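[1] Give the three-dimensional model of this entry:
(one chain, ligands or ions: 2)
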Amino acid sequence: MGTTTTTYVTTRPQKARAGLSPQAIESNPMQVVRVSIVVPTYCEAENLRPMCERVFAATRSAGFDAELIIVDDDSPDATVDVVAELSKKYAVRLITRRGERGLSSAVIRGFDESDRDLLVCMDADLSHPPEKLVDIINPVARNETDFCIGSRYVSGGRTSEDWGFLRRLNSKVATWLARPLMNACDPMAGYFCIRRETFDNARRNGMLAIGYKIGLEVFVRSGCRRVREIPIHFVDRHAGESKLTARQQMLYLKQLVILFLARRPFFFLFVIAITALLAGAASRLLAFLLAS
Ligand SMILES: Nc1nc2c(ncn2[C@@H]2O[C@H](COP(=O)(O)OP(=O)(O)OP(=O)(O)O)[C@@H](O)[C@H]2O)c(=O)[nH]1
Ligand SMILES: [Mg+2]
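    Ligands and ions are numbered 1, 2, ... in the order given. Next up is the predicted model:
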């Protein structure tokens, strides 16, 4: 097993670089929304500049004190150089993990590195429109909800028009499987905002870094109830390649089984038993029809 090294390419950001003047922050600290936006990355160098510019355009216009934490798994591309350049202008810092891979564990690491109360998880590839950040953060900042999702499937939200039938079906089935665990239209969303307290509760209740659905994991383990969904238009990645493999999909099924056994064991065993009974009856019927 390799070792994990963390490299801070930039130092902890100064408040002035976060978009608000220190005077504005000091004069009215209660009014300032302080948020860490955590972005896991692997080979996303091409997306980082447009993503960062759009993040800070959105958060600055709302007067938020935002920082961007990029958690990268030692990508063999220009990530380090691009973030170093961006950090001259924006409150962005890079955490480089070595000898470790995984979307969920990267997000957990980013949340751990933040000292802020509001935490956002967002993809780097611009599938998650940064222009929706303010709408997603505000309900959590105002304590109107515990978990706010950038949702593809709530009314007003949509996925890329380029998705084929199989991709739509795959996404719908995966979503449907998770619905009993979260009362939301898009329980698989990777674009969400929480308070630190929610994250801490999830950790206390045995949060795991299996698979790539860290939002679902945090929601279920934290035991929080209030969810709000903000419609987004989920577009296909801006540049680079997908890291979503068949292995990730198998890990998602494993994650679901573990979450169901932890939170809804009777429901889960009931569904398995009914499915086994129906499968047995169907196979006997088929055998009878073939024999007659
Ligand atoms: N640190 C880290 N980030 C990862 C890893 N795998 C994926 N990511 C990042 O997680 C985010 C989502 O990954 P994607 O490859 O876009 O997966 P997806 O959004 O489910 O699928 P597509 O958008 O269709 O490609 C992106 O910002 C990736 O760079 C990983 O192993 N480590
Ligand atoms: Mg993506």
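[2] Near ligand 1, which residues of the stretch 1-150 of the chain? Just list them.
    40-42, 44, 71-73, 101-103, 106, 123-125, 127 (C-beta under 6 Å from any ligand atom). From N, CA and C alone the C-beta is placed, and that goes for glycine too.
[3] quick one: which of the residues you listed has the most company?
    residue 40 (29 neighbours; other C-beta atoms under 10 Å).
[4] Residue 202 versus that one, what's the distance?
    17 Å (C-beta to C-beta, to the nearest Å).
[5] Likewise for residue 173?
    Per C-beta to C-beta, residue 173 is found 25 Å from residue 202.
[6] Equivalent analysis for residue 61, please.
    31 Å.
[7] Next, residue 147: phi, psi?
    phi -140, psi 110 (degrees, to the nearest 10).
[8] For it, name its beta-bridge partners.
    Under DSSP bridges, the beta-bridge partners of residue 147 are residue 194, residue 227.
[9] Out of the residues of the stretch 1-150 of the chain next to ligand 1, which two sit at the greatest distance?
    101 and 127 (20.0 Å; C-beta to C-beta).
[10] helix, strand or coil for the closest residue to ligand 1 within the stretch 101-250 of the chain?
    Using C-beta to the nearest ligand atom, the closest approach of the stretch 101-250 of the chain to ligand 1 is made by residue 242 at 2.8 Å. Classification of residue 242 by DSSP: H, G, I helix; E, B strand; the rest coil places it in coil.
[11] Can you dump the C-alpha atoms of the strand or helix carrying residue 84 in PDB for me?
    Following DSSP states H and E, one finds residue 84 within helix 79-86. Extracted in PDB, the C-alpha atoms of helix 79-86 (Å, rounded to 0.1, in the frame of the first residue of the first chain):
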ATOM      1  CA  THR A  79      -3.300  20.500 -12.300                       C
ATOM      2  CA  VAL A  80      -0.500  21.800 -10.000                       C
ATOM      3  CA  ASP A  81       0.500  24.600 -12.400                       C
ATOM      4  CA  VAL A  82      -3.000  25.600 -13.200                       C
ATOM      5  CA  VAL A  83      -4.000  25.800  -9.500                       C
ATOM      6  CA  ALA A  84      -0.800  27.700  -8.600                       C
ATOM      7  CA  GLU A  85      -1.700  30.300 -11.300                       C
ATOM      8  CA  LEU A  86      -5.400  30.500 -10.200                       C
END
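[12] if we look at it, which residues are touching it?
    7, 9-10, 41, 43-45, 48-49, 52, 70, 72, 92-94, 96 (C-beta atoms under 8 Å, 6 or more residues apart in numbering).
[13] by contact count, what packs against the helix or strand just after that helix?
    Scanning forward in sequence from helix 79-86 by DSSP H and E, the next helix or strand is strand 92-96. The contact analysis (3 or more C-beta pairs under 8 Å, 6 or more residues apart in numbering; DSSP states H and E) places strand 92-96 against strand 7-8, strand 65-72, helix 79-86, helix 103-113.
[14] buried set for the longest one?
    Within helix 103-113, the residues scored as buried using 16 or more other C-beta atoms under 10 Å are 103-111, 113.
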